[in-house]
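> this is a predicted model, with the sequence first.
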Number of protein chains: 2
Amino acid sequence: MTPLSFPSKLLESAVDEFAKLPGVGRRTALRLVLHMLRQPPEATDRFAGALTELRHNVKFCRLCHNISDNDTCTICANPKRDPTLICVVESIKDVLMVESTQQFNGLYHVLGGVINPMEGIGPQSLHIESLVERVIQGGIREVILALSATMEGDTTNFFILKRLKPSGVSVSTLARGVSFGDELEHTDEITLGRAIVNRVPL
Amino acid sequence: MTPLSFPSKLLESAVDEFAKLPGVGRRTALRLVLHMLRQPPEATDRFAGALTELRHNVKFCRLCHNISDNDTCTICANPKRDPTLICVVESIKDVLMVESTQQFNGLYHVLGGVINPMEGIGPQSLHIESLVERVIQGGIREVILALSATMEGDTTNFFILKRLKPSGVSVSTLARGVSFGDELEHTDEITLGRAIVNRVPL
């Protein structure tokens, strides 16, 4: 299709900015901008203000590197959480995912990614040393590695395991198996194989 | 799924604002906000700035009600366009859609919607009187009604036709027929029926 030619530079800049977001094409961007134009100006001010404030005032927890409004995040600061258990995740989003299961009451450690040599991400670009330090300082019973079930995730698991070995802390990883709702015929053979090897007595 | 509980109020407000956009759920909103956090702060400033500037400085063309940076839009101000031809559309977006066909070289008139009694939109909420005035002032050869092929669009077509009748101007509407690429077996019977009645000699 012929690219849209905009009657207004202001409209065009706003559409351009929206279209920079991942998964947002120019037509979707136009739809979102026209939606904003139908709302009162205060709605746009609130939207723009919330983003600007977040981007400039965001902090990261000095302990777990999770996003936070203060130096220590609400999870690390919560006395009801078990500080002897650390769940290691790739990103802030994964903290929210694990939290939404309501099955974990320990603290987190956000790596900021996984080791990926193809993309130039080595162990030194990740928050691995600060994890080792947290463990060395003592008081940690178990470290749960909750990384992606990919080659990069496995590599990172292995690297962290090696670094934590001297401390003697227990290290575990997420159970691998058939997902809830999956039909066997649609499960890949690696997953199915692991599920058989790690079968659970009833 | 359990709703996400955010470790940061700033993050939560930004996600809330994004999730107010049409078609954006809270998980997509979170993805977009986390993407912004990975960009330099200036990117967020540009994004927020473009939206705020658009929302506060946007003007509408005094002739055709299209979005514009000045009192008269670039289309109405363009001396190469044919001012005797007016294409009537529902929205700014439709102006862009017609422009992208590169088949129309006249001017536009943006109604701001169609007559829809169910949603309380009567003729007086639309820019119909200013269209009638443009026609009465003279110099218009033809008015093309390019509204949606819906009941509301047809009602609006009929209303405008009645209002323009005294002026004696030619009024036309978009051809209805089988869409490009459509297979006959998937074409609805109203469209197919009209396409047969309005068949074109080869």
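Okay, I see it. Residues are numbered from 1 along each chain as shown, chains lettered A, B, ... in the order given.

> does any part of the biggest helix by length in chain A sit near chain B?
Determined from DSSP state H, the single longest helix within chain A is helix A:41-57. Yes - Helix A:41-57 lies within reach of chain B by CB under 8 Å from any CB of the partner chain, at A:41, A:43-57. Heads up, the C-betas are built off the backbone N, CA and C, glycines and all.

> please apply the same query to stretch A:76-92.
Yes - using CB under 8 Å from any CB, we find that stretch A:76-92 touches chain B at A:91, A:92.

> next one: stretch A:99-107
Yes - applying CB under 8 Å from any CB, one finds stretch A:99-107 in contact with chain B at A:99, A:100, A:101, A:102.

> and the residues you listed, which are buried?
By neighbour count, with 16 or more other CB atoms under 10 Å in any protein chain shown, these hold residue A:99 as buried.

> closest to residue A:173 out of the residues of stretch A:99-107 next to chain B?
Distance to residue A:173 across those (CB to CB) is lowest for residue A:101, with 15.8 Å.

> centre-most residue in chain A?
In chain A, the centroid-proximal residue (CA atoms, centre = their mean) is residue A:91; its distance is 2.4 Å.

> from chain B, how far off is the nearest residue to that residue once chain neighbours are set aside?
Ranked by CB to CB, 6 or more residues apart in numbering or on different chains and with sequence neighbours excluded, the top spatial neighbour of residue A:91 is residue A:110, at 6.5 Å. As judged by CB to the nearest CB, to the nearest Å, residue A:110 and chain B stand 10 Å apart.

> mind checking the backbone torsions on residue A:110?
In terms of degrees, to the nearest 10, the main-chain angles of residue A:110 are phi -90, psi 120.

> okay, now the domains of chain A?
A:9-57, A:67-173 (automatic domain parsing).

> any idea how far the spatially closest residue to residue A:48 that is not a sequence neighbour is from residue A:135?
In space, and not counting its chain neighbours, residue A:48 is closest to residue B:48: 3.6 Å by CB to CB, 6+ apart. Taking CB to CB, to the nearest Å as the measure, residue B:48 falls 40 Å from residue A:135.

> over to residue A:16?
Here residue A:16 is placed at a distance of 46 Å from residue A:135 (CB to CB).

> pick out whichever of these two has more residues nearby.
residue A:135 (21 against 16; other CB atoms under 10 Å in any protein chain shown).

> so what does the one helix or strand the more buried one maps to touch, helix or strand wise?
Taking DSSP states H and E as the definition, residue A:135 sits inside helix A:129-136. Other elements packing on helix A:129-136 under the criterion 3 or more CB pairs under 8 Å, 6 or more residues apart in numbering or on different chains; DSSP states H and E are strand A:82-89, strand A:106-110, helix A:151-164.

> how far is the worst-scoring helix or strand of chain A on mean pLDDT from where the chain is centred?
Lowest by mean pLDDT, DSSP states H and E among the helices and strands of chain A is helix A:189-197, with a mean of 81. From the chain centre to the centre of helix A:189-197 is a distance of 26 Å (CA atoms, centre = their mean, to the nearest Å).

> residues of it that come out buried?
Buried, per 16+ other CB under 10 Å, within helix A:189-197: residue A:195.

> just to revisit the earlier point, just give me the closest of the residues of helix A:41-57 next to chain B to residue A:67.
Ranked by distance to residue A:67 (CB to CB), the residues of helix A:41-57 next to chain B are led by residue A:54 at 9.0 Å.

> was I right about the closest one contacting residue B:33?
Yes - counting by CB atoms under 8 Å, residue B:33 is a contact partner of residue A:54 at 7.0 Å.

> mind listing the shared neighbours of these two?
B:11, B:14 (CB atoms under 8 Å, 6 or more residues apart in numbering or on different chains).

> who has more neighbours, the two?
residue B:33 (28 against 24).

> what sits against the residue nearest to the more buried one when sequence neighbours are not counted?
The shortest distance from residue B:33 to any non-neighbouring residue, by CB to CB, 6+ apart, is to residue B:14 (4.7 Å). Shown in contact with residue B:14 (CB under 8 Å, 6+ apart): A:50, A:51, A:53, A:54, B:33, B:36.

> could I get the pLDDT score of residue A:173?
For residue A:173, the pLDDT comes out at 89.

> how close does it sit to residue B:188?
Taking CB to CB as the measure, residue A:173 falls 55 Å from residue B:188.

> neighbour count: the two, which is higher?
Between residue A:173 and residue B:188, residue A:173 has the larger neighbour count (other CB under 10 Å), namely 17 against 8.

> buried set for stretch A:35-48?
Buried residues in stretch A:35-48, counted by 16+ other CB under 10 Å: A:36, A:37, A:44, A:46, A:47, A:48.
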